[in-house]
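# The following block contains a protein sequence and its predicted model.
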Amino acid sequence: MPARPAYSRLQIALHWLVAILIAAAWLTHEGMGRALETRIETGASGFEGNTPHVWLGIAVFVAVLIRIVVRRVQGAPGPLPGATPLMEKAATWGHRLLYLLMVLTPALGALAWNAHSEAVGELHETVGSALMLVALGHALVALWHQYVKKDGSLTRITRPQG
Ligand code: HEM
Ligand code: HEM
């Protein structure tokens, strides 16, 4: 598949939609620990508790799966101008790690909720925090590329091509 100059309109829309949904799921996590404890103690099986967090997380999961399919069909732009082979590798693996964490975080949340498991809940918290940290690092690197190296990194994820 030939390298494209930028991500497609759909890929750009999905990138920012997912970023907003992840931030929203993160901001609504308050009270989930207590909701899970109550669920375990009472053996409840319904959707009681902090539903915005759960729905936002499910939306992340679905949007990321769509994103992965679109990525496989449409491909991605080649390396940034002036990128060394090491930088290219770091970008590829950094993006793969983000995809993995984006799928794992909501999957573990749903597993903790449905399997009534505190231990999986803790794993969900840890993996979710890792996702936020890696995403923050990713955003900082993107800004550094755009404004210090001036290689048009941000333009590729804001201005569509095809
Ligand atoms: C990308 C999506 C998600 C992110 C970033 C995220 C993030 C978090 C964070 C940071 C906590 C810690 C809250 C605390 O105890 O103070 C948490 C707790 C929790 N979340 Fe999520 N979450 C996501 C998706 C989901 C989904 C889809 C579900 C369920 C279907 C879910 C269920 C839970 C549960 C049950 C807890 C309590 C865990 C415990 O305290 O042991 N989360 N989430
Ligand atoms: C939760 C937040 C975010 C997540 C999970 C995320 C994830 C990703 C992933 C997985 C890619 C690779 C796309 C692909 O090749 O398929 C990507 C690309 C990109 N992201 Fe993000 N992103 C987030 C937020 C941000 C923010 C806040 C910025 C800017 C400040 C940003 C800037 C970029 C840029 C510039 C690219 C394109 C890199 C290139 O030229 O290849 N992202 N993002």
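That came through, no problem. Ligands and ions are numbered 1, 2, ... in the order given.

# From P79, how far off is V62?
30 Å (Cβ to Cβ, to the nearest Å). Glycine gets a C-beta too; all of them are placed from N, C-alpha and C.

# should've said H53
In terms of Cβ to Cβ, H53 sits 37 Å off from P79.

# Neighbour count: those two, which is higher?
H53 (21 against 15; other Cβ atoms under 10 Å).

# contacting residues around the more buried one?
Residues near H53 by Cβ atoms under 8 Å, 6 or more residues apart in numbering: A25, T28, H29, M32.

# Not counting sequence-adjacent ones, nearest residue to it?
T28 (4.3 Å; Cβ to Cβ, 6 or more residues apart in numbering).

# where's I22 relative to R96, distance?
Counting by Cβ to Cβ, the gap from I22 to R96 is 17 Å.

# between these two, who's got more neighbours?
A count of neighbours by other Cβ under 10 Å puts I22 above the other of I22 and R96, at 24 against 10.

# Counting by contacts, list what the host helix or strand of N114 packs against.
Take DSSP states H and E as the rule and N114 turns out to sit in helix 85-115. When contacts are defined as 3 or more Cβ pairs under 8 Å, 6 or more residues apart in numbering; DSSP states H and E, helix 85-115 packs onto helix 9-27, helix 32-42, helix 51-74, helix 118-144.

# What residues of that helix count as buried?
91, 98, 101-106, 108-110, 112-113 (16 or more other Cβ atoms under 10 Å).

# Serialize those residues to CSV and add fields for distance to E41 and pLDDT.
Below are those laid out as CSV (distance: Cβ to Cβ, whole Å; pLDDT from 0 to 100):
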residue, distance to E41, pLDDT
A91, 46, 95
L98, 35, 98
L101, 30, 98
M102, 31, 98
V103, 30, 98
L104, 27, 98
T105, 25, 98
P106, 24, 98
L108, 21, 98
G109, 19, 97
A110, 20, 95
A112, 15, 96
W113, 14, 92
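
# Can I get those residues in CSV including distance to ligand 2?
Formatted as CSV, the buried residues of helix 85-115 follow (distance: Cβ to the nearest ligand atom, whole Å):
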residue, distance to ligand 2
A91, 6
L98, 4
L101, 8
M102, 6
V103, 11
L104, 12
T105, 10
P106, 12
L108, 16
G109, 15
A110, 18
A112, 21
W113, 22
